[in-house]
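fold the following, please.
(chains A and B)
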Protein chains: 2
Amino acid sequence: MYRAPIEEIAFTLKQVCGLGDIQASERHADLGDDLVEAILNEAGRFAAEEIAPMNVVGDREGATFSDGKVKAAPGWRDLYHNWIEGGWNGLTATPDYGGQGLPMMLSAAALEMWNSGSMAFALGPTLTIGAVEALEKHASDALKETYLAKLISGEWMGTMNLTEPQAGSDLNALTAKAERAEDGSYRISGQKIFITYGEHDLTDNIIHLVLARLPDAPAGTRGISLFLVPKFLVNEDGSLGAHNDVRCAGVEHKLGIHASPTCTMVFGDEGGATGYLIGEENRGLACMFTMMNNARLAVGIQGLGIAERAYQEALAYALERKQGRAPGDSGPAMSPIARHPDIKRNLLAMKTRAQAARVLCYACAHAIDMSHIAETGEDRKFWSERAGLLTPLAKALPTDFGVEAASIGVQIHGGMGFIEETGAAQYLRDARIAPIYEGTNGIQAIDLVTRKLPLSGGEHIKAFLSELAGIVEGVAASNLPSLGDIASHLSEALGDLEEATAWIMTAQAEGRMAEALSGATPYLRLAGLTFAGILLAKGAAAADDGNKAARDQRILLARTYTMTLLKEVAGLKADVTGSSGAILAFDPEALAS
Amino acid sequence: MYRAPIEEIAFTLKQVCGLGDIQASERHADLGDDLVEAILNEAGRFAAEEIAPMNVVGDREGATFSDGKVKAAPGWRDLYHNWIEGGWNGLTATPDYGGQGLPMMLSAAALEMWNSGSMAFALGPTLTIGAVEALEKHASDALKETYLAKLISGEWMGTMNLTEPQAGSDLNALTAKAERAEDGSYRISGQKIFITYGEHDLTDNIIHLVLARLPDAPAGTRGISLFLVPKFLVNEDGSLGAHNDVRCAGVEHKLGIHASPTCTMVFGDEGGATGYLIGEENRGLACMFTMMNNARLAVGIQGLGIAERAYQEALAYALERKQGRAPGDSGPAMSPIARHPDIKRNLLAMKTRAQAARVLCYACAHAIDMSHIAETGEDRKFWSERAGLLTPLAKALPTDFGVEAASIGVQIHGGMGFIEETGAAQYLRDARIAPIYEGTNGIQAIDLVTRKLPLSGGEHIKAFLSELAGIVEGVAASNLPSLGDIASHLSEALGDLEEATAWIMTAQAEGRMAEALSGATPYLRLAGLTFAGILLAKGAAAADDGNKAARDQRILLARTYTMTLLKEVAGLKADVTGSSGAILAFDPEALAS
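Got it, this is the predicted structure:
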């Protein structure tokens, strides 16, 4: 059972993360509060009523491979067709080809709910939307005409083909080949692995975006081009033609997201798959990067969705299951375990993670939207940098929180949590991929430290930290007695963040790169925990919106977060600034005997 | 591939955790260093060569149920028979019935390696050894004569039957029935769930220890008796007689430890299973409690074993897998990922957890051994209390570390970590049960706070904290330059532990029980992290034993631990002493709409 937390989502969008800024723009002038609410309600209904009930069968039956073909889990084809009939696939896509042109914030909120429904399901459309973005921005008009409308409607699905056995985090090592053909198309060959939804029977065609190298391309990532390779070639009238020279050689047997087929794709076994260049030759990685921010945010939202769903299930179980007598309860009867202080702590540990993940993801979506609606170059630069800065935070922390929350959920279920029928274990298994794909969380931390802190010569992060100080001042000024001394704890954390930031930037400036990198992971967590804590407090201090119970709940969550998760911050600062000596002295090769 | 870390284990036993105290006792006068080493080497060889290679098939094929019978995974019957032929089952058992009477410290070390080999395998003998202990201490001579020798040799295996659907953490609710029969035996009936190795084909007989209630028993846990219920009745000449009225109704489909069958056991469907009273009527829980400490330590050792194994596999992968160029490396070639600072951090995060788990488990085993060899009542009381105090630390923290290390191991493997064939995911799936069974880690924290801190009117914990301060002084006095200012960080952590302890004890003394309980889980982690850190530093500061590389490694680990894991302590203290207000104000029932 999943209940879409519409009220909390709407509040976070509007009162915490600035949806109003987007609604005030010319581009989204039609997006009134009523429409926002209607979309959230419908997306939540679809998540709760249509997707969520299919999550378990997707896990148990999974997508199955046989003879080069992949069959979706029972019922999933119908689910997908209900999905596209609802028009959900094109939420953010351009109206020029049938999309709804809604802002990222709204699609982030919807995507949260769909991932709560089923991460393995929501993943497919996420990839299609990524392909849509790449085509919208970089493809020729001819390619757009042929492919965009059907990808936006969801009649066809899209994939991203980057990884090869020897080229994962490091795409320099990519070897897939592209050769120019006489008709202006290309012949693609090579093997790609870990291709999500690379093959399946949900749609009649599958549009692969493939990174490959031309024969005369420079070495490294500057010699990579992006190609569109359809499973079935498309005739001039739009009908499907011959099967392209691409096949699925197998699917992986994975820890989780069993309904999402993870395929090994072989291109060009029979002479070369027909591919069409997207953008310019050798500029493929740049094309991929334009959609990377959005894809990384989408993965962060998976963590958020799982954390929320796991929390709801654990809460329901803890209210139902009775063991022992909680302090303050009297009589011979056992108490629901939700009344025991240690279980309350665990439930709150899940809930604070879900809500912290939510503010991080929505704040990142806000920055992306702001960059889209910016009317001046200066504004666009500012908000692009902001989106860049927040993306690693919105990818890594929510995905870690997803795993942590799911694991706590298993623990709350006790012995039942280890039994697959209960469902709690599935969330943990599913969640575990999110810190890995779309750039591991370690890569996110390196990105934050080496690419994002130096933006605008270090001025952007400085401005960000001042903004945060301003929000903390606002929280302090709210003088809400129920918030206690939350502002002083936040100030302390912000001080630690400033100190850790200065340490890392100094290390980089002085060329002590290994030192900066050895602290990257705790630095990312420190930054994310602090930012999320400040946003939670902002929400808690926001003016009463008429729902006292919800407000009390927000205040309670902000207070709990401040005294639990936020209290990691001082230790993380000590780690960032003090552990590099020992870490770098570690010589793993000496241990391999 | 698993390599038994014999040298590290031997060093930890001797230089850190006090094996010498045990060797100096009269009871273990024969246990010279040579014998210790020979046993460790042989146990490690068995773990690496015999058990470890069977771990994957145990996971893939698992134990299977059909028609009331459970079949072990392919090859597991042979493995088990090699095990008992090696004489491993009776390591700590009494020599009166064929055991070897070795101290717990040595069996803890061996058990670590067997769990590194396969947690699902080591679990079976762990339960048998628990049954042996209960019989040694509480059973009549007649029962001992009939059952002990065969349980000690491993010819038969033992089980513990506590849990019922409504009675898990809270055994008050237990309803299985026992009725007195005319021949002095009892007729047992009722259903038990989650019975590990409740049914299988590894041995010809299975000896169930079952908690049940007599018709005239008082309510609650004071009305529970312990019975021995053999699967096959045993004739006077020791041969097997009729099948007892007990059957396996099914096995659970679990997240991990697939080779360990988790059974639903039904007693007395045909009138009552024949059972024999162990100890006195209505004193069954006391009988169980005598072996609870050891069983909890054994589960802690599972966490340790998994952390070590997962570390070794992640290290091997990180040395093999090449991506990107590490800072300081030159040339066009990719570096092994183990050379990247962030991966070094992750490897050390695993290794520090394994070693911290090791010192906690061995220190607890030392206390248990000391209580056994104590020659005065005062000594016995002191060491029993010490074992009691350390048991929740040795159960909870190592099992949490097992999950954390296994999860980091998955992360180091990147996308491959999510693929089941790699093996990294199995460690995470297996490890996840250990924080749950044998008393959830939440229950351990409650035990620590409500039963262990108050021992000897609070004097025991006070003495323990002074001892720790003494060790820290010793570390400071060692003046080892390579240890840096480790002692001052440890002093700080110890100060936080003292403060948190005082806060919790005051809350309890003033009857603010819910407040004390709401901080129990972070308090346990705080105490365990500090204690482990001090022991790691003790080992690092210990006199050179001639192996410079190993010593450097210990110093490096202690330094890393101090600046990473130990840095959680200050935040945990703030949490323990500052979060109860918000946590207790949380009303989960208000959220169930």
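
which stretches of the stretch 1-150 of chain A form strands?
Along the stretch 1-150 of chain A, counting by DSSP state E, counting those that start in this stretch, strands occupy A:64-66, A:69-71.

would you turn the ones you listed into JSON lines with distance to residue B:215 and mean neighbour count?
(Each C-beta comes from the backbone N, C-alpha and C, glycine too.) Listed next are the strands of the stretch 1-150 of chain A as JSON lines, based on distance: least, Cβ to Cβ, whole Å; neighbours: other Cβ atoms under 10 Å in any protein chain shown:
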{"stretch": "strand A:64-66", "distance to residue B:215": "54", "mean neighbour count": "14"}
{"stretch": "strand A:69-71", "distance to residue B:215": "57", "mean neighbour count": "17"}
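
turn the ones you listed into CSV, columns for distance to chain B.
Listed next are those as CSV, based on distance: least, Cβ to the nearest Cβ, whole Å:
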stretch, distance to chain B
strand A:64-66, 14
strand A:69-71, 17
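
let me know which of those strands is the nearest to residue A:145.
strand A:69-71 (28.7 Å; Cβ to Cβ).

what does the closest one rub up against?
A:63, A:64, A:199, A:200, A:201, A:248, A:251, A:261, A:263 (Cβ atoms under 8 Å, 6 or more residues apart in numbering or on different chains).

give the buried subset of those residues as a ChimeraX selection command.
Restricted to buried positions by 16 or more other Cβ atoms under 10 Å in any protein chain shown, the ChimeraX selection for the contacts of strand A:69-71 reads:
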select /A:63,199,200,248,251,261,263
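
just the contacts of strand A:69-71: which are in strands?
Those of these mapping onto strands are A:64, A:248, A:251, A:263, per DSSP state E.

how about the first one, nearest residue that isn't a chain neighbour?
Spelled out, that is residue A:64. Nearest residue to residue A:64 in three dimensions, chain neighbours excluded: residue A:71, at 5.0 Å (Cβ to Cβ, 6 or more residues apart in numbering or on different chains).

also the second one?
For residue A:248, ignoring the flanking residues on the chain, the nearest one in space by Cβ to Cβ, 6+ apart is residue A:199 at 3.5 Å.

wait, what's in contact with the one you found?
A:68, A:69, A:70, A:206, A:231, A:247, A:248, A:251, A:261, A:263, A:265.

in a markdown table, list those residues along with pLDDT.
Output for the contacts of residue A:199, formatted as a markdown table (pLDDT from 0 to 100):
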| residue | pLDDT |
| --- | --- |
| A:68 | 94 |
| A:69 | 97 |
| A:70 | 98 |
| A:206 | 98 |
| A:231 | 98 |
| A:247 | 98 |
| A:248 | 98 |
| A:251 | 98 |
| A:261 | 98 |
| A:263 | 98 |
| A:265 | 98 |
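
mind checking pLDDT for whichever residue of the stretch 1-150 of chain A sits closest to chain B?
Nearest to chain B, among the residues of the stretch 1-150 of chain A, is residue A:3, at 7.9 Å (Cβ to the nearest Cβ). pLDDT recorded at residue A:3 is 97.

hang on, it packs against residue A:47?
No: Residue A:3 is beyond contact range of residue A:47, at 9.8 Å (criterion: Cβ atoms under 8 Å).

higher neighbour count, those two?
residue A:47 (27 against 15; other Cβ atoms under 10 Å in any protein chain shown).

measure the closest residue to chain B within the stretch 51-200 of chain A to residue B:332 for me?
Using Cβ to the nearest Cβ, residue A:170 is the residue of the stretch 51-200 of chain A that sits closest to chain B, at 4.1 Å. Counting by Cβ to Cβ, to the nearest Å, the gap from residue A:170 to residue B:332 is 12 Å.

which one's more surrounded, these two?
When residue A:170 is set against residue B:332 and neighbours are counted by other Cβ under 10 Å, the residue ahead is residue A:170, at 18 against 8.

quick one: residues contacting the more buried one.
B:323, B:324, B:334.

and the pLDDT at it?
91.

one more: residue A:332?
So, for residue A:332, pLDDT stands at 83.

separation between it and residue A:322?
12 Å.

which strands or helices does the longest strand seen in chain A pack on?
For chain A, the strand that runs over the most residues, judged by DSSP E, is strand A:186-196. Strand A:186-196 makes packing contacts with helix A:119-138, strand A:157-161, strand A:177-180, strand A:206-212, strand A:225-230, strand A:262-267, strand A:273-278 when contacts are defined by 3 or more Cβ pairs under 8 Å, 6 or more residues apart in numbering or on different chains; DSSP states H and E.

so what strands line up beside it?
strand A:177-180 (antiparallel), strand A:262-267 (antiparallel), strand A:273-278 (antiparallel) (DSSP bridges).
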